[in-house]
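Student: Here's a sequence, model it:
(chains A, B, C and D, ligands or ions: 4)
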Amino acid sequence: MNLIPRKLIPLMTTALVLVVLFAVASLKYEGFLSMYVIADLFSENAFLGIIALGMTLVIISGGIDLSVGSVIGFTSIFVATLISEHGINPWLVWLLALAIGTGLGAIMGIMIQSYRLPAFLVTLGGMFFARGMAFFVKPEAVQIDHAVYDWLGDIALPIGGGAELGIAPLIFLTMFVVVMLTSHYSRFGRNLYAIGGDEDSAVLMGLPVARTKILVYTFNGFLSALAGITMTLYMDSGNPINATSLELDAIAVVVIGGTLLTGGVGYVSGTMLGFLIYATIYQITYFASFRSSLATIAIGVLLLGFIILQKSLVRK
Amino acid sequence: MASRIAWPILGLAALLIFNAVFIPSFFQIESRDGHLYGSLIDVLNRGSIGAILAIGMTLVIATGGVDLSVGSVMAIAGAIAALMLTETDMAMAVIFPCVALVAVIAGLFNGLLIAYLKIQPIIATLILMVSGRGIAKFITGEKIITIGDEFRNPVFDFVGKGHLFGIPFPITIFIVLFFATALIVRRTSIGLFIEAVGANETASRASGINDRAVKIAVYTFAALCAAIAGLIDTSNINAADTINAGVFTELDAIFAVVVGGTALTGGRFSLTGSLIGAILLQTLMTTLYTYGVPSDVAPVPKALVILGVCLMQSPEFRDSVRSWFRIHQKLEERR
Amino acid sequence: SSSKGPQSDDVADADGSQSVPVIGFVQTGAESDWRKAHSESVRDAAKASGYDLRFADGQGKQENQIKALSSFVAQGVDGIILSPLVETGWDNVLEKAKKRDIPVLILDRQVDVKDDSLYVTYIGADTYNEGRLAAEWLIEETGGTAKVVELQGTPGASPTINRFKGFRDVIADHSGIEIIATQSGDFRRSKGKEVMEAMLKKHGDDIDVVYAHNDDMAIGAIQAIEDAGKKPGDDIILVSIDGVRGAFEAMVEGKLNCTVECNPLQGPMAFEAMDKILAGDTADIPKKQMIKDEVYDRDTAKDVIDSRKY
Amino acid sequence: MTESRLLDARNLEKSFPGVRALAGASFNVRRGEVHALMGENGAGKSTLIKVLTGVHQRDRGEVVFDGHPIHPRAPVEAEALGISTVYQEVNLIPHLSVAENISIGRQPLRFGLVDWKAVRQSASRALDRMGLALDVNRELASYSVAMQQMIAIARAIDLDAKLLILDEPTSSLDEKEVDELFEVMDRLRSSGLGIVFVTHFLDQVYKITDRITVLRNGQHAGEFVTANLPRIELVGQMLGKAPSEVQSMEEATKAAHQNVTSKPDDEAATILKAKNYSRRGAIEPFDLNVRRGEVVGLAGLLGSGRTEIARLLFGLDSASSGTLSVDGSEVSRWSPRKAIDCGLAFCPEDRKVDGVIADLSVRENIVLTMQASRSVIRTLPRKKQLALAEHYIKALRIKTPSPETAVGNLSGGNQQKVLLARWLVMSPKLIILDEPTRGIDVGAKAEIERLVASLRDDGMAIVFISSELEEVVRVCERVMVLRDHRVIGELKGDHVSENRIMRLIAHSEIQANELDK
Ligand SMILES: Nc1ncnc2c1ncn2[C@@H]1O[C@H](COP(=O)(O)OP(=O)(O)OP(=O)(O)O)[C@@H](O)[C@H]1O
Ligand SMILES: Nc1ncnc2c1ncn2[C@@H]1O[C@H](COP(=O)(O)OP(=O)(O)OP(=O)(O)O)[C@@H](O)[C@H]1O
Ligand SMILES: [Mg+2]
Ligand SMILES: [Mg+2]
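Tutor: Ligands and ions are numbered 1, 2, ... in the order given. Prediction:
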């Protein structure tokens, strides 16, 4: 009956908001419409983008993961300390960090699935645990000086207009493709939708519900650790305080992107749009020299607007 | 019910015994200048904010919801009180109602989003959590409002720093609030309605309970509790520090409630359990500080204790522990 | 105005079409009274010197600071002033600025970068020296024997590290001064109070001195000491750093013994340097400019308190 | 003989808290047969199936499938073994497309990725086999319950299984759809599949099945060759009574309701009057009058809109058109609260979701509505609460250890009685009963039917909804018949009969058939 399937309306609305937001800012602020700014959107929030991707999968499965910000903080200081103070090879350290993040995710997944504890509670515990462990590793920032970091830091993909994308946004964009393919083209990804849509039915349909649910938290743990590593690449240092409360930003990005917190409905590409809206708002506050308080209020109001919009669409 | 609060009581008892053995001074209470003084008093005094938030949070969680915005509401309440104290010469009799009014508005905002727009509580209150802190910062002009000596108000000072019968006033506040809430909730049918709505919302509505009113009421109550906590915090440090006031307190309050045996899914609740949960958490923190565990690392043992208590409450976990033991017994026997 | 730089009308006179230079200022946040005074100083000085100041606030997070800095680079501002939260982690973003030839001035706290040319100059208080001054005052006051409790600032922040080191480097030669406990109070009043309470419980009457990395924590500690029924300033000596108004008030009341001033009014100096940088004569700008710190105690506090604005 | 056995389950036991659902049930299926599993509501049919497929873990007993003992711990394992199941409630994912619902979990892959084109093609093929031509890209939720049921069957058949289990697949299907299904089942049977078929429609059993196993109270009551078992004996087996008893029982219950005749159209006695009332997407505009001392039935197939009418009348959903009057005065902004204040009561069909509050005690559940009708401060004294609870526990013969037991621990029938008690406390003028006898054993069922009669005799008005036409005919003196979310007719007094209701529901088909002739 319509040109656009009804399912895609929220996605389209989000895209429209992004375009309008960007267009208005471009007209109002000189220099906003430049490749530098566009590159900045991806570069400066890459780690947020990465965890928002994982969060999308978790939320589609009907869950939530509050531990991601802390895992980033932990990974960043863990990596920095091991490289700088113990002289361990970065590749080995990354492998270790990814293993720890993945393991933590798996443990949380098992607690949620096998012991029927609420995801909210378990991942909240994970959040406190990982943050505390980060400070346990080292209570202060640690600089990373290593040839590998120098080499990776020099990677830059020119995107025209003098702007370029560094290693962090490249990791993010790669993960975007991977997660999007996972959500749309893998059985695991489709099972997430089914579980989020109706978990009891998913069990009766013979889907591997327990495995899938544990796996999604495991994968998210992996992505959080990857985001932490990305952060060390981006800052050439690690700091246990990094990424505090970033999980809430990630949830906001996912919701703005049209994924329903009830599970079963959402798109990874929507999360990309939500991510860009979020980054654009922050970019506007810097251009306009707005107070930071206004930026947070704006994010809140936008969140509210999108949710109400989604509600009214779903009700129809 | 009793079995559910058994675990936190056990945890608290274990912690207290540990302290009694290793920190003999822990149980010492003496009177200095007519004020009671000692670690236990500190635990209660420091824990008062957590306890007050937990009381409000209990009712919210009992309806199957959650309120992430209480920390931000604390910041807003403190900001308004500090602003009115320093910028106007209004009496506390005007300032307190104003703060209460703002809290009611915040609570209504949450409640309306949840009851009428049917937005999930996590997201609905996340909105106020994120933008509420922005609002608080906006009110204070993004700085800390210090209540200098020239603006000091004895009534306001008493809220966070006063002593009543030698006991720090915040302790009195949370104890009175606890009993008042328990009385109101259990002596009227409000408690029954809250539990009914939390246990089964549609069935409650079909039985003629105004589930929307119940929800709006609990979120408003939680916001009022947060405002009281915010006033105590502001009075305590003589300043409205909107960046730090109440950060993560919502999570502590949720922990206290869950550890206290009220399920996040709603239904049956235990105010006593939540109070024990809040005191357990504060005792743990004070113990850790006393042992010189850096405050940054303290979340690790905190997370372990909380998840431990929650795991013990999970029947699936108890079953698996039991079967694990059984397997080991069998292996032993075979040997 | 004390500024020697071009007034805004000068610029307009010289070339009517030329717009006002845009300066991006990346502040740490608004965590203390000192920081408030610091931001105000930069804002006022920018106005006085006729710059268009774009202000961004990291809200206490380095990620946000880097984001803001990078945005200023993307905006192509004429110059950037950075007050970093921590020393490390600035290489990549400063390289970005360098690539676009945007001069960066580091204000207040130091950055630790491999390549010195990433910023033009550093202007700030010598936080290491502040630690030293505090220790020296203490040795004189106590005659070289005291048990000290230290309230540290935010972990990893350069003032924390420097005030930590400076203090220790001096007392290393005085075995009578013993640091019996040290813990972070995050530069915050409430945290200072909470940590001090726990210390009082644990060490009780052993504590002779509290050394706080900033005044806010010291003020928090004073409240904790009073709650414990002791007289701050007399039973326990308090020495702290910053010199905010609240500290002077406390000293007048006799509750704080000494504060090492760390002058937040760094704006004029910053824009004096910025004028030169934009004019192209960077040659005579030193890489490091320190602001002189003063030590005030209970005796000298009365005389200066009225001149204190922040 | 044993060689041809595909499935052999022996002495299965399964208990739920407070219920012994299976108490030594045995059951076997051969290759190439359709085997009916029969029994009353709650006899344990669905539980037996769920134990076989690993949804529930059996407490005791053994299962041999295809020559090997099996013990699946989740449906995914049963599927891997070759057991494909359509469960009683439609179990699909509403937000996903039809194609995906059919293929999920076993999508065709290409280079390790889901091949969406192949997914759509195979889904279309699977639907083709059922004689359905649907747009496989549409969201599942946009199709009717019946269509969803067909899609669920298509999914089950699409799996290369050795055993196909269908738990009441036909309850929402119309005749034509049932015929399609039987054709498919026939084909599968001749290809050597074993099929388990659960239904309450005796006609269908005799039409398609080869053998019958009857369950009673979770126990094996007998195994028969369909062709050799007369209908009346089958019913007797299910109820545990001799055929003669069955006959006399039927006559007796009819007698209890015999003296009832339809009341004249009396405005004064009208309690509830709906005019042109409707809710968009749920029920077309309808008129309905309910009078004092009368039982009005709503009859129709699953998903025909009976529950919607009930919810609308009670204010649980808001209407999009029409007016509603209670005792002659029109009401506005209708809500459960107002409905209760006007003397209405409602026992919803889904006890667990809309009815009892499982966490709360029997006492709290019984006084809940009365409490909600008083102001918050005027709390019923505890003594009064206990007295009320005890009175109704006795009056309705609610089996509970104590008034403080959580309702969730009671059996379904007793939960239903607690729900009734909650409303009787209010002495309502009109009570709406939506499937009050669903999942309730014969004894309790008869009790509830008798209760309805006595309430009516006391002058209460009753709206009665039941999926069992027999029961509707027995209890009601006036019946509104629904089909596809529309009231298609009303039967009164002597005209109320199963046959007439069925004919009304199938009206359009009858017409079509007649046109063909
Ligand atoms: N998950 C469960 N928890 C508790 N009791 C259950 C559960 N599932 C079924 N029961 C109970 O087990 C008994 C058998 O139910 P079952 O669903 O197997 O009956 P059925 O023969 O399929 O009936 P119907 O014809 O109504 O579908 C009933 O008393 C039911 O209430
Ligand atoms: N609470 C609800 N929310 C949304 N849709 C509903 C709800 N209840 C019923 N429906 C839909 O309304 C339509 C009519 O269903 P309804 O339950 O009224 O039929 P019914 O005749 O009572 O059947 P049943 O035998 O299931 O009780 C169905 O398509 C159903 O999916
Ligand atoms: Mg069944
Ligand atoms: Mg129904």
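
Student: Tell me the secondary structure at residue A:227.
Tutor: What DSSP: H, G, I helix; E, B strand; the rest coil gives for residue A:227 is helix.

Student: wait, doesn't it sit right on residue A:52?
Tutor: No - the criterion here is CB atoms under 8 Å, and residue A:227 misses it with residue A:52 at 9.5 Å. (Glycine included, C-beta is placed from N, CA and C.)

Student: Okay, buried residues for the longest helix along chain B please.
Tutor: Scanning chain B for the helix with the most residues, using DSSP state H, yields helix B:211-237. Going by neighbour count (16 or more other CB atoms under 10 Å in any protein chain shown), the buried part of helix B:211-237 is B:211, B:214-237.

Student: Ok, stretch C:192-209 next?
Tutor: So, applying 16+ other CB under 10 Å, buried residues of stretch C:192-209: C:192-202, C:207-209.

Student: what's the neighbour count on residue 299?
Tutor: I went with chain A, as the question did not name one. Residue A:299 has 23 neighbouring residues, counting by other CB atoms under 10 Å in any protein chain shown.

Student: actually it's chain D I care about, not the one you picked
Tutor: 29.

Student: Across the sheet, point out what pairs with it.
Tutor: residue D:481 (DSSP bridges).

Student: Residue D:177 and ligand 3: what is the separation?
Tutor: Taking CB to the ion, to the nearest Å as the measure, residue D:177 falls 20 Å from ligand 3.

Student: Does the residue lying closest to residue B:311 once chain neighbours are set aside lie in a helix or a strand, and which?
Tutor: Nearest residue to residue B:311, sequence neighbours excluded (CB to CB, 6 or more residues apart in numbering or on different chains): residue B:317, at 4.6 Å. Per DSSP states H and E: residue B:317 is located in helix B:315-334.

Student: Number of residues surrounding the nearest residue to residue C:29 once chain neighbours are set aside?
Tutor: Spatial nearest neighbour of residue C:29, chain neighbours left out: residue C:60 (4.2 Å); criterion: CB to CB, 6+ apart. Residue C:60: 19 surrounding residues under other CB under 10 Å.

Student: Tell me if I'm right that residue C:60 and residue C:27 touch.
Tutor: No - at 10.4 Å, residue C:60 and residue C:27 do not qualify as touching, with contact defined as CB under 8 Å.

Student: does stretch D:161-177 come close to ligand 2?
Tutor: No - on the criterion CB under 6 Å from any ligand atom, stretch D:161-177 is out of touch with ligand 2, staying 7.9 Å away.

Student: what mean pLDDT does stretch D:335-352 have?
Tutor: For stretch D:335-352, mean pLDDT rounds to 86.

Student: Could I get the buried residue list for it?
Tutor: Buried, per 16+ other CB under 10 Å, within stretch D:335-352: D:335-340, D:342-349, D:351.

Student: Looking at the buried residues of stretch C:192-209, which are in strands?
Tutor: residue C:209 (DSSP state E).

Student: Tell me the one among the buried residues of stretch C:192-209 nearest to residue D:47.
Tutor: residue C:194 (57.4 Å; CB to CB).

Student: Just give the closest residue to the closest one, not the sequence neighbours.
Tutor: Counting by CB to CB, 6+ apart, the residue nearest residue C:194 is residue B:46, at 6.8 Å.

Student: if I've got this straight, that neighbour is in a helix?
Tutor: Yes - counting by three-state DSSP, residue B:46 is part of a helix.

Student: residues in contact with it?
Tutor: B:282, B:285, B:286, C:194, C:197 (CB atoms under 8 Å, 6 or more residues apart in numbering or on different chains).

Student: ok and the residue in the stretch 1-150 of chain A nearest chain D?
Tutor: residue A:7 (7.1 Å; CB to the nearest CB).

Student: Contact partners for that residue?
Tutor: A:265, D:139.

Student: Show me the helices in the stretch 301-450 of chain D, by range?
Tutor: D:306-314, D:336-341, D:362-373, D:382-395, D:412-424, D:442-457 (DSSP state H, counting those that start in this stretch).

Student: Could you do chain A as well?
Tutor: Using DSSP H, helices in chain A cover A:9-28, A:35-43, A:46-60, A:68-84, A:90-114, A:119-137, A:147-153, A:167-185, A:187-197, A:199-204, A:209-235, A:246-256, A:268-288, A:292-315.

Student: for the third one, the distance to its chain's centre please.
Tutor: The gap between where helix A:46-60 is centred and where its chain is centred comes out at 3 Å by CA atoms, centre = their mean, to the nearest Å.

Student: same thing with the first one?
Tutor: Its chain's average C-alpha position is 21 Å from that of helix A:9-28, according to CA atoms, centre = their mean.

Student: coming back round to it: does chain C sit close to the longest helix of chain B?
Tutor: Yes - Helix B:211-237 lies within reach of chain C by CB under 8 Å from any CB of the partner chain, at B:233, B:236, B:237.

Student: Any chance of the helices of chain A in CSV with distance to residue B:254 as columns?
Tutor: Output for the helices of chain A, formatted as CSV (distance: least, CB to CB, whole Å):
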stretch, distance to residue B:254
helix A:9-28, 29
helix A:35-43, 34
helix A:46-60, 19
helix A:68-84, 16
helix A:90-114, 16
helix A:119-137, 7
helix A:147-153, 39
helix A:167-185, 29
helix A:187-197, 23
helix A:199-204, 23
helix A:209-235, 19
helix A:246-256, 14
helix A:268-288, 25
helix A:292-315, 20
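
Student: Please give the number of neighbouring residues around residue C:30.
Tutor: 26.

Student: Am I right that it falls within a strand?
Tutor: No - per three-state DSSP, residue C:30 lies outside any strand segment and is coil.

Student: before we move on, the earlier item: mind telling me which of the helices of chain A the model trusts least?
Tutor: Looking at the helices of chain A, the bottom one is helix A:292-315 with a mean of 76.

Student: Right, I'll call it a day here.
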